[in-house]
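Visitor: show me how the following folds:
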Amino acid sequence: MNTNEDLHDEIGNNHVATSAETPLRKDAFQLTDDEKIELIKKDVESILNTLGMDLTDDSLKGTPNRVAKMFVKEIFGGLNPNKKPSSSTFDNKYKYGEMLVEKNIVVYSTCEHHLLPIVGRAHIAYISNGTVVGLSKMNRVVDYYAKRPQVQERLTIQVVQELQKVLGTDDVACVIDAKHLCVNSRGIRDIESSTVTAEFGGKFKEDKVRREFLDYIKLDTKF
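Guide: Coordinates of the predicted model:
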């Protein structure tokens, strides 16, 4: 008989997404960053002690604090809404009405099932309906939503939804091609495979427009 633990292991080992929203508790931001760092530091110390590591060794003394700061300030910094990129847009005064594509945006994220890295590239496109964003805005949006425990499907959706809100149009698309170290370094340990996810909004649901975007990024995958 399968238990809840078996079910949760199956979901995690198969990298199944369970929600389009990042699962955060309502009290997620009651603690300050410094308070979180102190608590996580103690947890990391406990893990390393349990593993039998000698935390009096000079090489390991600072590890709990380094890991705690890295979690809060860096790789999970995108959980903090105060770090969300500003939403400034500009009038499309030059009346550019064709597709704009930003490709090969570097993705560094962390799989929420095993807390191992996800590394790859994101490709984004939109068609302006009167407003545009600076090119670096798209990189910053990807970086913000990537810096949290993630599943790739959710990341792809969140990037599109955020840019749709910022630009005031449904005509946004995102494709992400990434390697998951939880697949590459453990479990099946397939170092060659990568995962491709896509989210197409508005005009990008039309085959001709979608194919034009995929041709720009030289992706042969059929969607």
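Visitor: all the helices of the protein, residue numbers only.
Guide: 4-13, 33-51, 63-69, 135-146, 152-167, 181-184, 207-216 (DSSP state H).
Visitor: so R154 versus F204, what's the distance?
Guide: 19 Å (CB to CB, to the nearest Å). Every residue, glycine included, has its C-beta placed from N, CA and C.
Visitor: more neighbours: which of those two?
Guide: Between R154 and F204, F204 has the larger neighbour count (other CB atoms under 10 Å), namely 26 against 21.
Visitor: hmm, F213 and the more buried one touching each other?
Guide: Yes - the criterion here is CB atoms under 8 Å, and F204 meets it with F213 at 6.3 Å.
Visitor: so what sits against both of these two?
Guide: 125, 173 (CB atoms under 8 Å, 6 or more residues apart in numbering).
Visitor: where's T18 relative to C174, distance?
Guide: When T18 is compared with C174 (using CB to CB), they lie 20 Å apart.
Visitor: try D54
Guide: In terms of CB to CB, D54 sits 46 Å off from C174.
Visitor: okay, these two: which has more neighbours?
Guide: Neighbour totals were compared for D54 and C174, and C174 leads with 30 against 10 (other CB under 10 Å).
Visitor: surely the more buried one touches H123?
Guide: Yes - C174 is in contact with H123 according to CB under 8 Å; the separation is 7.0 Å.
Visitor: picking that back up, which one of the helices of the chain lies closest to E102?
Guide: Smallest distance to E102 across the helices of the chain (CB to CB): 4.7 Å, for helix 135-146.
Visitor: how far off helix 152-167 does that closest one point, in degrees?
Guide: Relative orientation of helix 135-146 versus helix 152-167 (axes from the mean of the first three to the mean of the last three CA atoms, to 10 degrees): 140 degrees.
Visitor: buried stuff in helix 135-146?
Guide: Buried residues in helix 135-146, defined by neighbour count with 16 or more other CB atoms under 10 Å: 137-146.
Visitor: can you check stretch 177-191 too?
Guide: Buried-residue list, stretch 177-191, by 16+ other CB under 10 Å: 177-180, 182-184.
Visitor: same deal with stretch 98-118?
Guide: By 16+ other CB under 10 Å, the buried positions in stretch 98-118 come out as 99, 101-102, 105, 107, 109-114, 117-118.
Visitor: next one: the closest residue to A20 other than its chain neighbours from T197, what distance?
Guide: Nearest residue to A20, sequence neighbours excluded (CB to CB, 6 or more residues apart in numbering): I157, at 5.2 Å. Per CB to CB, I157 is found 9 Å from T197.
Visitor: likewise M70?
Guide: Where T197 is concerned, M70 sits at a distance of 26 Å (CB to CB).
Visitor: the more surrounded of those two?
Guide: T197 (20 against 14).
Visitor: for that one, report the pLDDT, please.
Guide: T197 is assigned 96 on the pLDDT scale.
Visitor: nearest residue to it other than its sequence neighbours?
Guide: Closest residue to T197 apart from its sequence neighbours, by CB to CB, 6+ apart: T156 at 4.4 Å.
Visitor: check contacts around the one you found.
Guide: Taking CB under 8 Å, 6+ apart as the test, what T156 contacts is 122, 174-176, 197-199.
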